[in-house]
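J.: I would like to see how this sequence folds:
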Amino acid sequence: MSNPQEPTGAPRPPTAPPIPSNLATVVAFAAWVVLGIYALSFLYKLAQDEAGSFGDRFFGNLPMLATGITLCAALMALSVWLVRRGAD
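T.: Sure thing, here's the model as predicted:
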């Protein structure tokens, strides 16, 4: 009988090293996703005909788009801060 704890003569396949998590990259990617979602929402609301005239839809939805741009800028600033903090 062979003991399962004993090493066998067959070589084991190499295991892949763990992928390091880079939080700054994830935050920067999330910033672009947030901006894309807000931009798509702005364009969708702009394309709706039953919401009034084009000017009303365009200028009425600008605050929502500005919110998305602000959130994107805040996440990008956090990403830059994480990169600089890690470099020290």
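J.: could I have the helix-or-strand element of the chain with minimal mean pLDDT exported to CSV, CA atoms only?
T.: Lowest by mean pLDDT, DSSP states H and E among the helices and strands of the chain is helix 54-60, with a mean of 87. Listed next in CSV are the C-alpha coordinates belonging to helix 54-60 (Å, rounded to 0.1, in the frame of the first residue of the first chain):
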residue,chain,number,x,y,z
PHE,A,54,-34.6,69.0,-27.9
GLY,A,55,-33.2,72.0,-26.0
ASP,A,56,-35.2,71.1,-22.9
ARG,A,57,-33.9,67.5,-23.0
PHE,A,58,-30.4,68.7,-23.7
PHE,A,59,-30.1,71.3,-21.0
GLY,A,60,-32.4,69.6,-18.6
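J.: for the helix or strand following that helix, give the mean pLDDT please.
T.: On the C-terminal side of helix 54-60, the nearest following helix or strand under DSSP states H and E is helix 62-87. Per-residue pLDDT values over helix 62-87 give a mean of 91.
J.: so for helix 62-87, what gets flagged as buried?
T.: Within helix 62-87, the residues that qualify as buried by neighbour count (16 or more other Cβ atoms under 10 Å) are 65, 68, 71, 72, 75, 76, 78, 79, 82. To be clear about C-beta, it is placed using only N, CA and C from the backbone, and glycine gets the same treatment.
J.: kind regards, and thank you for your time.
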